[in-house]
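this is a predicted model, with the sequence first.
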Amino acid sequence: MSPSLLYKNCHKFFALLELIENLCLWLDNKHILKLMLTSKGLYDAAAPCLWRNVNLYDDYRVELLYTNSNYKRKQGDDEPQKQDSNDSKKRVQTVAQPTFKTRSLEAGYAFLSYYLEGVHDSLYMEAEKKVPRPHNWISDDRASFFSKPIPLITKLRRLDVSLQGPALRTSRRSFFVDLRQAPAITPRLFRFMTCNAKTLTDVCLRDVPIPTLVDIRHLCRTISRLECLTHLTIDIPLAKTRRQKLACSVVLMIFFCCPPSLVSFKLRTTVCGDGQHEILESFLTPSVEDSDFEEKQVLPRQGPLPNLKVLELPQHETGYNTNLLRAVLGHCPALEEWDVPFVDERDDVVGLVDFFQHNKNPETTGKHLSALRHLHYTHPGTDGKGETAAAIIEMIPENQLESLTFHGYEDTIPDDPNNLGRFTRCFLLHSTSLVSIKLQDMDRIESKTIKGILTNCEALETLVLTCPETMLSRLTLDDATINNWKCVNLKELRMAVDLRPGYPNTHKMLEKFYNQLGVLKNLEILDLMSACRRPNHTSAHYSETAMTCMLSLGSLDGPSGFLNSLAGLKNLRVLLGSFFLKNPETSNMLDKDEVKWILDNWPHLEVIEFFSFRDRIHTSHKHINDMKVQRPNLQFFRKVN
């Protein structure tokens with residue numbers, strides 16, 4: 001159907017403006033722009049929606065907005081380019097017309113500084129106490145660009161801002177040279193949030209400078225006024241010195257000022273101290289007198305957060321006091337996702353578990369952990385064996401946990417070799433509900449633990465097992481083949497395996513292992529590292545080893561290959577691990593027949609790790625060029641984050 005006919009049919013049965021406006025709620029700007037280019041009618045209907053989601057994060061976008069020029073292009077210029085202020089005014093006014101429709105704003109430090117300077121008077125129009133405009137920090141030769149500012153936006157639903165200054169402030173010819181003189185941005189930013197208090201639901205503050213006590217009070221008061229706030233994320237860069245680190249009481253100050261509508265609370269930084277006196281005596285007392293520029297009290301919330309489902313507290317350099325965690329968790333009866341913080345090893349960790357056990361009783365006031373489905377243990381501190389995590393999992397109703405993340409896990413070895421460690425036994429009680437298991441940067445994991453996961457977790461879609469020493473986290477060939485895997489819905493699998501010949505029937509075991517992989521029809525990401533020990537008893541790097549016969553079709557006069565066993569992996573996009581062509585064993589596997597098979601049977605393949613990131617330029621192999629010709633976008637190295 002032609003675009004014009006489609007437009008006529010839509011216009012006949014629907015109110016076009018209403019239809020497009022609702023459709024654009026689910027589209028990003030790139031797709032809205034494509035919609036506008038379809039026909040003139042759709043252009044007129046969708047054009048205002050293009051400004052519903054405004055992205056001015058990058059500095060070059062800000063300069064393009066005001067000057068229609070790009071500072072990246074001008075870096076090599078000897079002479080600064082002349083800019084027409086009249087054109088700038090017209091361009092800004094064109095942008096300003098549809099800003100009343102703006103519902104989402106992503107902005108960086110540069111745009112916020114100029115924008116909040118322009119709307120300063122509007123920000124404090126209804127404030128009880130007027131705040132004088134800061135000194136004029138915009139130079140005369142640039143003042144004309146901002147003479148007609150963009151109007152104040154007052155119906156934002158989503159605000160995502162970065163307060164990190166632009167990198168190009170030092171150059172004299174840079175458009176952003178004036179930002180060196182700009183006043184503190186946080187007071188006006190918080191006031192801007194207050195002007196959108198009735199509509200803001202999602203707030204993300206990135207790269208927030210180390211706040212003073214006054215800034216914290218302003219932030220707490222602002223958050224308490226956001227009546228519809230559901231998602232709050234605050235990212236404060238790690239402090240360089242202990243003096244700059246936030247006190248632990250700040251966590252409580254921010255948390256207890258959040259409105260009852262909150263669904264997700266994420267505060268990312270590092271704190272210190274216990275905050276005990278501030279919690280019990282000062283801040284949580286409703287009669288506390290703590291005023292800022294509006295001379296009003298900061299009143300903490302007294303009731304719980306009945307809708308809070310996601311909780312992420314900042315890291316603590318020595319561990320949280322359990323009393324502080326009780327104060328927080330006592331307000332989270334509906335928690336579904338929790339990043340368990342590091343608890344002070346000198347404190348009574350058992351007391352925290354007792355708190356859970358007490359609140360598990362339906363007759364008590366809370367039903368904490370009864371809804372917990374996602375558990376993250378990303379900074380366990382000294383609890384690498386997972387004792388605290390195991391105690392928490394034991395409190396969750398059986399077969400409810402859906403995702404588990406643990407960094408730095410050290411598997412325990414029970415006295416009975418047939419038994420599993422306590423932590424493993426606990427999370428396997430949720431074998432029918434677990435969808436994601438990520439045990440990353442482990443110290444050690446037993447092969448039988450991996451076998452227990454593969455042969456029990458039938459709903460599993462993601463399994464990530466990473467360890468610097470592959471010999472301490474390997475799945476043995478015996479454990480890999482003794483039982484059939486139940487996790488046939490896996491989409492991502494990352495682990496180390498030990499394929500060294502050591503069994504009388506190694507060939508049959510290899511065949512069964514690769515058949516187990518071939519059953520994973522939904523697999524999209526496969527990262528297999530072949531574990532092997534060096535003569536000095538350290539683990540060999542995975543680039544030095546090979547996945548035995550995996551990428552080989554075999555031959556009549558040579559060893560058998562098992563590539564045909566993987567024909568069912570039609571959705572495979574990423575293949576990583578011990579497949580480096582510098583390894584003679586892998587290089588001898590890969591012939592023109594294998595290359596053709598890979599291209600024919602894995603149509604969605606995007607990455608296959610034949611080379612290291614350092615050697616990616618010298619991707620020379622007799623058959624690699626054929627793959628490049630047929631798949632120009634195929635990458636042959638692991639992406640480095």
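Yep, that arrived. Just so you know, these numbers come straight off a predicted model, no measurement behind them. Residues are numbered from 1 along each chain as shown.

quick one: stretch 485-492 to chain centroid distance?
24 Å (CA atoms, centre = their mean, to the nearest Å).

what's the neighbour count on L37?
Applying other CB atoms under 10 Å, we find 10 residues neighbouring L37. To be clear about C-beta, it is placed using only N, CA and C from the backbone, and glycine gets the same treatment.

do the same with the one 3 residues further on
Residues near K40, counting by other CB under 10 Å, number 10.

please report the distance of it from Y124.
43 Å (CB to CB, to the nearest Å).

do D202 as well
25 Å.

which SSE is H376 in?
Per DSSP states H and E: H376 is located in strand 374-377.

I'd like the mean pLDDT over the next helix-or-strand element following that strand, please.
Next in sequence after strand 374-377, counting helices and strands by DSSP H and E, comes helix 387-394. Mean pLDDT, helix 387-394: 85.

how about I234, what does it touch?
Contacts for I234 (CB atoms under 8 Å, 6 or more residues apart in numbering) come out as C204, L205, V208, I254, K266, L267, R268, T269.

just the ones in strands from those residues, please.
C204, L205, K266, L267, R268 (DSSP state E).

walk me through the domains of the chain.
Following automatic domain parsing, one gets these domains for the chain: 1-51, 54-152+174-181, 201-372, 445-641.

skipping adjacent residues, who's closest to T449 in space?
Excluding its sequence neighbours, the residue lying closest to T449 (CB to CB, 6 or more residues apart in numbering) is T424, at 5.0 Å.

that's a helix at the one you found, yeah?
Yes: applying DSSP: H, G, I helix; E, B strand; the rest coil, one finds T424 inside a helix.

ok, now how distant is it from E106?
Separation of T424 from E106 (CB to CB): 42 Å.

buried sites along stretch 227-238?
L229, T230, H231, L232, T233, I234, D235, I236, P237 (16 or more other CB atoms under 10 Å).

can you check stretch 29-37 too?
Residues of stretch 29-37 classed as buried by neighbour count (16+ other CB under 10 Å): N29, I32, L35, M36.

need the phi and psi values for the nearest residue to T455 once chain neighbours are set aside.
Excluding its sequence neighbours, the residue lying closest to T455 (CB to CB, 6+ apart) is N483, at 4.6 Å. Main-chain torsions, N483, degrees, to the nearest 10: phi -130, psi 160.

could you report the distance from N483 to V250?
51 Å.

just the CA atoms of the helix or strand hosting V251, as CSV, please.
Using DSSP H and E, V251 maps to helix 249-255. What follows is helix 249-255, C-alpha atoms only, in CSV (Å, rounded to 0.1, in the frame of the first residue of the first chain):
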residue,chain,number,x,y,z
SER,A,249,23.2,9.7,57.3
VAL,A,250,22.8,11.4,53.8
VAL,A,251,21.4,8.1,52.5
LEU,A,252,18.7,8.3,55.2
MET,A,253,18.0,12.0,54.6
ILE,A,254,17.3,11.4,50.9
PHE,A,255,15.5,8.1,51.4
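
by contact count, what packs against that helix?
With contacts defined as 3 or more CB pairs under 8 Å, 6 or more residues apart in numbering; DSSP states H and E, the packing partners of helix 249-255 are helix 213-225, strand 264-268, helix 322-329.

figure out which of those is closest to R631.
Shortest distance between R631 and the helices and strands packed on helix 249-255, using CB to CB, is found for strand 264-268: 38.9 Å.

could you name the helices and strands sitting against the closest one?
On a contact count with 3+ CB pairs under 8 Å, 6+ apart, strand 264-268 meets strand 231-235, helix 249-255, strand 310-312.

hmm, back to that, quick check: the farthest pair among the ones in strands among the contacts of I234?
C204 and L267 (11.6 Å).

can you list residues touching both of the two?
T233, I234.

before we move on, the earlier item: given the strand holding H376, what are its sheet partners and their directions?
Strand 374-377 has its sheet partners listed here by DSSP bridges as strand 337-339 (parallel), strand 403-407 (parallel).

out of those strands, which is closest to I223?
Of all the strands paired with strand 374-377, it is strand 337-339 that lies closest to I223, at 20.0 Å by CB to CB.
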